[in-house]
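**Q** with the sequence up front, the predicted model follows.
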Amino acid sequence: MLVNQEDLSSNSTATCVNAWLDSLQGRMVTALLGVLFILQIAHQLHSDPRWHWHAGTGKLPHEIVTEFMDEAYTKGKGVEAYKTYFAEKAVDNAPNTIDHQDGEPIPHTVKKLIVEGNDVAVFHKIEAARGQPAQDVVDVYEISGSGWIIRHDRVAQTSVAAPRDGGSNGQGSGLTNKE
């Protein structure tokens with residue numbers, strides 16, 4: 001196979017391409033290709049399912065849970081909070097609680113909030129409200145990488161006032177109450 005070295009190293013092809021790119025037609029085609037490239041990138045970013053913007057997008061897990069609890073407890077908008085922060089296919093092991101319903105605000109006190117990765121545990125006391133007795137509750141939320149609550153577990157215990165003698169078995173705790 002014989003290759004003509006003059007054709008490979010010829011400046012005539014490069015000169016022709018440069019001349020065409022410098023022409024009005026070449027500049028228009030180059031600009032059009034640039035615009036098409038940018039539009040294709042914008043379309044991919046817009047239509048990518050990972051980029052659905054919602055209340056939890058771009059926030060840390062504890063911020064998502066805190067905002068959910070503010071909406072559900074402080075504002076009393078449980079249904080709206082559930083729809084806003086929980087994923088459609090979320091696993092909720094406490095679905096019929098009063099914080100998933102609309103009504104008057106629910107007084108509660110957060111005693112401890114623990115975050116590990118995408119898991120958030122909230123130990124809080126829910127005061128008596130909407131016909132439910134006061135409860136000490138541990139809510140554990142799992143947050144997806146895209147900011148949705150995808151799992152909710154709850155451990156609840158009806159709050160009991162601490163006995164004045166320090167023990168519940170009538171024998172006391174060995175400590176005395178001196179007034």
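**A** Received the coordinates, thanks. Numbering: from 1, shown residues only.

**Q** in this protein, which residue is closest to the centre?
**A** For the chain, the residue nearest the mean C-alpha position is G147 (1.9 Å; C-alpha atoms, centre = their mean).

**Q** using the three-state scheme, assign the residue lying closest to that one once chain neighbours are set aside.
**A** Distances taken as C-beta to C-beta, 6 or more residues apart in numbering put G56 closest to G147, at 2.9 Å, once the chain neighbours are dropped. Where C-beta positions appear, they are placed from N, C-alpha and C, glycine not excepted. Under the three-state scheme (DSSP: H, G, I helix; E, B strand; the rest coil), G56 adopts coil.

**Q** got a list of what G56 touches?
**A** 64, 67, 85, 143, 146-149 (C-beta atoms under 8 Å, 6 or more residues apart in numbering).

**Q** rank those residues by pLDDT and give me only the lowest.
**A** pLDDT across those is lowest for S146, at 86.

**Q** just to revisit the earlier point, wait, the residue nearest to the centre of the chain touches W53, no?
**A** No. Using C-beta atoms under 8 Å, G147 makes no contact with W53, being 9.3 Å away.

**Q** helices of this protein, residue ranges please.
**A** Residue ranges of the helices in the chain, as given by DSSP state H, are 5-8, 11-22, 24-47, 61-69, 78-85.
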